[in-house]
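[1] Give me coordinates for this.
(one chain, ligands or ions: 1)
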Amino acid sequence: MNILQVSHLQKNYGDHEVIKNIDFQIDYGECVALLGPNGAGKTTIIKMLLDITKPTGGQILFEGECHDQKRQFIGYLPQHPTFYSWMTGKELLVFMGGLSNIDKESLEQRINEILDLVGLSNAENKQIGTYSGGMKQRLGIAQALIHQPKLLIMDEPVSALDPIGRRDMLELLKFIKQKSTILFSTHILHDAEELCDKILILNQGKLLVNGYINQVINQNQQPVFIIQAPRVNEWAPQLVNEDIVESIVQTGSIAKVHVKNIEQGRTWLLDNIYRLKLPIQKFELVQESLEEIFLRMVK
Ligand SMILES: Nc1ncnc2c1ncn2[C@@H]1O[C@H](COP(=O)(O)OP(=O)(O)OP(=O)(O)O)[C@@H](O)[C@H]1O
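    Sure, this is the predicted structure:
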């Protein structure tokens, strides 16, 4: 049995179809990234899993059942957690543990364990208002895990952090995932690649991809020619050809040209480089990265 089964999930706001007939499942011990550009519908899906928002259609089952008490089952770190800044980290966890009906004796021990896990033992008696962004986010993880939920859901857990806070958080999540089942949303591909087993790519409410990262890369990767030469804006538009070229992406002095067929594309591109007398610095055939696959799909 899987831990979460989502079938035919739909959400409309008025006439706006925000989530369009989505199916996915999460198995025990998996770490799954929900990826999508701004407005794709990631937060809406998470809110429906948490019962904050009601679906327009479809079904959400936890361990095969529609649970009424989702708070016991799920630990949740929102996109913008808000804390009382006058509370200490420990006081917040006592408060949250109380809401989850953990008895006092077990709670004391659980708080010590969880503060140790997230690296906040030394700051437990400091007011949250004095915490850095990274410390607040780690406290957010601690409150989400205090009642030992079966599923940890996080909405953009690292996006707002500086590079050091982000690295700390990724390392913490790598450790937590060894013993947890995790679903988190992000628009940062690299984080998904580093942490996850499976990815769900969402665009405009539709699920475009649902699978293990390696499979997704193998099944969707397209060959791409890299051409580097000065004044890319002037020559790249002349390489448009619907029969041969799928798309062209320009960055700096580089054009990434996706072709429909490698042999035909190579010959045609070389002919054009010669015709245009391009002073090329590089001509190379590479495979797309996950980020490039994502960008192509959500365009
Ligand atoms: N309460 C609401 N009423 C009407 N439309 C909404 C509401 N909440 C979200 N939407 C719309 O639903 C769509 C999906 O929004 P959602 O916040 O789920 O996207 P997201 O992928 O989480 O984006 P982001 O990465 O920016 O957080 C957007 O077009 C948004 O404007």
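
[2] my guess is Gln219 meets Ile213, correct?
    No - Gln219 is beyond contact range of Ile213, at 11.0 Å (criterion: CB atoms under 8 Å). Yep, even glycine has a C-beta here, placed from its N, CA and C like the rest.

[3] And the two? Which one has more around it.
    Legend: neighbour count by other CB atoms under 10 Å for Gln219 and Ile213, higher for Ile213 (16 against 10).

[4] list the contacts for the residue in the stretch 101-250 of the chain positioned nearest to the ligand?
    Distances between the stretch 101-250 of the chain and the ligand by CB to the nearest ligand atom are smallest at His187, namely 5.7 Å. His187 makes contact with 35-38, 156, 159, according to CB atoms under 8 Å, 6 or more residues apart in numbering.

[5] For these, pick the one with the most neighbours.
    Greatest neighbour count in those, by other CB under 10 Å, goes to Leu35: 27 neighbours.

[6] Ramachandran coordinates for it?
    phi -110, psi 140 (degrees, to the nearest 10).

[7] Close to the ligand: what parts of the stretch 51-200 of the chain are there?
    With CB under 6 Å from any ligand atom as the criterion, the stretch 51-200 of the chain meets the ligand at residues His187.

[8] Quick one: low-confidence residue ranges for the stretch 51-200 of the chain.
    Scanning the stretch 51-200 of the chain for pLDDT under 70 picks out nothing.

[9] now the strands for it?
    For the stretch 51-200 of the chain, the strands defined by DSSP state E, counting those that start in this stretch cover 57-62, 74-77, 151-155, 181-186, 198-203.

[10] Tell me, how many residues neighbour Phe226?
    Let me fix one detail, which is that residue 226 is Ile and not Phe. A count of nearby residues for Ile226, using other CB under 10 Å, gives 13.

[11] Met169 now?
    Neighbour tally, Met169, other CB under 10 Å: 22.

[12] next one: Glu263
    Glu263: 8 neighbours (other CB under 10 Å).

[13] Closest one to Ser289 out of the contacts of His187, please.
    Leu35 (13.7 Å; CB to CB).

[14] how about Ser180, what does it touch?
    Residues near Ser180 by CB under 8 Å, 6+ apart: 29, 31, 145, 152.

[15] Can you report how many residues lie near the residue lying closest to the first one once chain neighbours are set aside?
    By that I understand Gly29. Residue nearest to Gly29 in three dimensions, not counting chain neighbours: Thr181, with 5.9 Å by CB to CB, 6 or more residues apart in numbering. Per other CB under 10 Å, the neighbour tally for Thr181 reads 20.

[16] ok, Thr181 - contacts?
    3, 26-31, 150-152.

[17] which of the residues you listed are buried?
    3, 26, 30-31, 151-152 (16 or more other CB atoms under 10 Å).

[18] SS state for Val6?
    Using DSSP: H, G, I helix; E, B strand; the rest coil, the structure places Val6 in strand.

[19] All further residue positions should be reported with the first residue as 11.
    Okay, using 11 as the starting number, the last item reads as Val16.

[20] ok, it touching Ile32?
    Yes - the pair Val16 / Ile32 is scored as a contact, 6.4 Å apart, by CB under 8 Å.

[21] any residues in contact with both of those two?
    55, 68.

[22] still on that earlier bit, next, format the strands of the stretch 61-210 of the chain as TSV and append distance to Asp126.
    Listed next are the strands of the stretch 61-210 of the chain as TSV, based on distance: least, CB to CB, whole Å:
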stretch	distance to Asp126
strand 67-72	29
strand 84-87	17
strand 161-165	18
strand 191-196	20
strand 208-213	29
